[in-house]
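Student: This is the structure alone, sequence omitted:
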């Protein structure tokens, strides 16, 4: 049954990358796929260095001492063949979400990996730098959901890290910025305490300033929209700060997204 359930082998460039992985990883491995987000493949081909030469990331797990260990390998095309430059262990067993952004403004994309350990309730987020052959972890923290967006309009991407604690009934959005490669929490904003999970992020502007519209669930069937904006060096949640209660105006009982229908 295990052989019948195996994914079909990829073709084209992905097949060449997997062949390179076969040569680099001596033990048996399992390709790993993100559960949500824009990037769902175990293979991600992208111009990470923004130099016109594509590279590839491969996500896979290997067994060590009877435990699955999640790994990320960096590959590059050399003379029409792909070679594995190096790999690093992420720490978990599964990928929850994957995104990219130039966080420090050096022209090289960083990798933001959200991961979990099978059976553990907590999810973690790690940021990896790809300036060398081996991805290097430069930041790690717990999270509920996240979004990559240049909130302060300085040309460098920021991480909006949302944390929801159902026990203490708290919801906070933290803005992380990377100055000279060092991460720091620039600002934070409290969100609606009834928030239980996040459905989607919508990147936009509010009064000419970057803003994030967050469609979130309150319970299992109620949806509402939280707004996070950036102004005068800090985050704010204008709807929540004005009411300090549930968002009655934006609450709805079906999965209706927020968006601009009049192009304003």
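Tutor: Everything's here; your move. Just so you know, these numbers come straight off a predicted model, no measurement behind them. Numbering: from 1, shown residues only.
Student: and residue 124, how far is that from residue 27?
Tutor: Between residue 124 and residue 27 the computed distance is 24 Å (Cβ to Cβ, to the nearest Å). For the C-beta atoms, the positions are set from N, CA and C on the backbone; glycine is no exception.
Student: Of the two, give the one with the bigger neighbour count.
Tutor: Neighbour count, other Cβ atoms under 10 Å: between residue 124 and residue 27, residue 124 has more, with 18 against 7.
Student: right, and that one touches residue 137 too?
Tutor: No. With contact defined as Cβ atoms under 8 Å, residue 124 does not reach residue 137; the gap is 10.8 Å.
Student: longest helix in the protein, by residue count?
Tutor: Longest helix in the chain, counting residues (DSSP state H): helix 12-24.
Student: And the contacts of that one?
Tutor: Here helix 12-24 makes contact (Cβ atoms under 8 Å, 6 or more residues apart in numbering) with 9-10, 29, 43, 45, 56, 58, 60, 73, 75, 81-84, 87.
Student: Pull out the buried members of those.
Tutor: 29, 43, 45, 56, 58, 60, 73, 75, 82, 84, 87 (16 or more other Cβ atoms under 10 Å).
Student: Pull the most distant pair out of those.
Tutor: Within the buried ones among the contacts of helix 12-24, two members stand farthest from each other by Cβ to Cβ: 29 and 45, at 18.9 Å.
Student: So which of the contacts of helix 12-24 are in helices?
Tutor: With DSSP H as the criterion, helices contain none of the contacts of helix 12-24.
Student: List the buried residues of the longest helix of the chain.
Tutor: By neighbour count with 16+ other Cβ under 10 Å, helix 12-24 contains the buried residues 14, 16, 17, 18, 20, 21, 24.
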